[in-house]
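# Need a 3D model of the sequence below.
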Amino acid sequence: MKTRLFKVVGGLAALALVAAGCAGEDADGGGQDGEYRVLVLGGVSAEGVLADNASTSVLSAKAGVELVNESGGIDGREVVLEVVDDQADPTVAVTKLREAIAKDKPDLVLNSGPSTVADATLPILKQNNILSFNIGPTESSADPEAFPLNFDLSASAQNQLDAFPAYFEEKGYAKVGILHGSSSYGEVYGAAAEETFKAAGVDVVANEEYDVAALDMTAQLEAIRSQGPDALVLDAYGAPLGYVLKGVEKLGWDIPIIGNTSVAATGLISTEPPSGVLGTPAVENLVMQVYKSTAHDPAATEVNDLVARMKAIDEIKATLIVAYNNDALALVQAAADEAGSTDPQELAEALIDPDVLGEARTAIIDTYRFTDESHAANPAPEEFAFIAPGPLKDGQFQ
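Predicted structure coming up:
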C-alpha cells in the first residue's frame, strides 16, 4: 500500500487565513475563503449507460474529495465540490462551464466523458488557466503543447494493446485474428493492434472490420476463421458484441476470444439471461481485458477503500473503469504537497515528477506516468488483467 507523507504544520489555521486573503486578491484563481474549488462535469441526466457512467464518475470525485479532506486538504485548503450536469452534450457543457467560471472560477475541473465534451471544453479551460483532468481522451488532449494544464486519466488504446503480447506468450498464441468496429475508435484500435502484435513477433493472419450498425458479423468471422488463428482479438461495445458472439455460435467456431476493455464495459456480458449472456455457451471461450482494479481482490487495499467510500455515498452503477476522478484528487494533493502551492502551473510541473506520481494514493491506476512530452496516463502493462466474464458488484467483476 502506498503511503503519503502528511504535513504537520503549526498554526495551520492562521496560514489558511493568509492563503484565503491572497486567493481573494488573485484574479487568476478561485478558492476564496481558503477553499479549493473543484467542478466536475457529468451527464447525470443523460440516458442509459451514459447516465450510469456519469453517475459513477461523479461519485468517484465525491469519494476523492472525502479522501483528501480527511488528510489535510490540498495544500491546507479544504476541497469543495460542485457537480454540473452537462447532459453528456458538448454544447450544454460549454454553456455551463462558462457560467461557472464567470460566477466563481474553479481551481480544478474534472469531466466524466464522452470525448466530445472534452473537445469542446478544453479550449475554454486553457483560456482561463484552469488545471483539468479528462477521462475522455481526444487527439490532442494529452499534448502538453496544446493543453499544458490538462492531464488524461484513462488509458489509450496503445496502452491497452501493450499488455497483449505477454498474454499471447503465456497462452501460446502464435497466430491471431483481429475483429474491430467501424467507429473511429475501432479503426484506430484495429490498426494499432496489428502493428503492435506484429512488432512483438505475433502473426496477424486477418484484420477485419464490421459495420457497428450491422446486425450480422458472420461474413467477417468466417473470413478470419478461414486463416486458422489461435485466438480472436475482439473490439466491440454494446449491441455489436451480442451479434459477434451470436455469429461465433452460428459458425460453431471453437476459438479463444480476447475482448478489449470495450467488451468489458458492455453490460451484456455481466448480466444473466434473458437480458444478458453471462453463464451461457456464448461466453465460454471469452476473456476480457480489464484494469486489475475492476476485478475484485480482497488484498487490494486502496481499491477496496475507494469502493467503501463510494458505497457510503451512493450506489455504484457502472464499473470502476470510469472512477478515475478519485485518482485526480489524490494526484493533485500529492502535487500540491510537492509544490507547496495550488498554482496551476506549479501543480502541472509537479505532476510530471515520478516521485510525486508514485506517492499519490491512487486506486484505479496504481501509478500514472505523465511526462513533459505526454500528459497521457500511460499505465504499465502490469496494470491490466485478462479475466473471464462475471457478475458485477459494486463496480467490480467478481
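# for this protein, which spans come out with low pLDDT?
Applying pLDDT under 70 to the chain flags residues 1-33.
# what's across from H180 in the sheet?
Under the criterion DSSP bridges, H180 forms beta bridges with E209.
# List the contacts of A142.
N150, F151, D152, S156, S374, H375, A376 (C-beta atoms under 8 Å, 6 or more residues apart in numbering). The way it works is simple: take the backbone N, C-alpha and C, and place the C-beta from them, glycine included.
# From the residues you listed, which land in strands?
The members of the contacts of A142 that map onto strands under DSSP state E are N150, F151, D152.
# What number of residues are in the vicinity of the first one?
Residues near N150, counting by other C-beta atoms under 10 Å, number 27.
# quick check, nearest of the contacts of A142 to R309?
R309 lies nearest to F151 out of those, by C-beta to C-beta, at 22.2 Å.
# partner residues bridging that closest one?
Those that pair with F151 in a beta bridge, by DSSP bridges, are F133.
# Next up, the contacts around it.
F151 touches S132, F133, N134, A142, A328, L331, A348, L351, Y368, F370, H375, A377, counting by C-beta under 8 Å, 6+ apart.
# do that again at 10 Å, thanks
131-134, 141-142, 144, 328, 331-332, 335, 347-348, 351-352, 368, 370, 374-377 (C-beta atoms under 10 Å, 6 or more residues apart in numbering).
# Would you mind measuring from it to P90?
Distance, F151 to P90, using C-beta to C-beta, to the nearest Å: 20 Å.
# what does S132 give?
15 Å.
# Pick out whichever of those two has more residues nearby.
Taking neighbours as other C-beta under 10 Å, S132 and P90 compare with S132 leading, 25 against 17.
# Tell me which residues touch the more buried one, please.
Counting by C-beta under 10 Å, 6+ apart, the residues that S132 touches are 39, 41, 106, 108-111, 118, 121-122, 124-126, 141, 147, 149-152, 328, 344.
# cool, P240 as well?
Contacts of P240 (C-beta under 10 Å, 6+ apart): 179, 181-183, 186, 210-215, 217, 234, 262, 266.
# What's the ChimeraX syntax to select whichever of those residues are buried?
Applying 16 or more other C-beta atoms under 10 Å to the contacts of P240, the buried members can be selected in ChimeraX as follows:
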select :179,181,183,186,210,212,217,234,262,266
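# Contact partners for the spatially most central residue of the chain?
When C-alpha atoms, centre = their mean is applied to the chain, the residue found nearest the centroid is S154 (3.3 Å). Neighbour list for S154: 113, 115, 134-137, 160, 261, 291, 321-322, 324, 364-365, 376-377, 379 [criterion: C-beta under 10 Å, 6+ apart].
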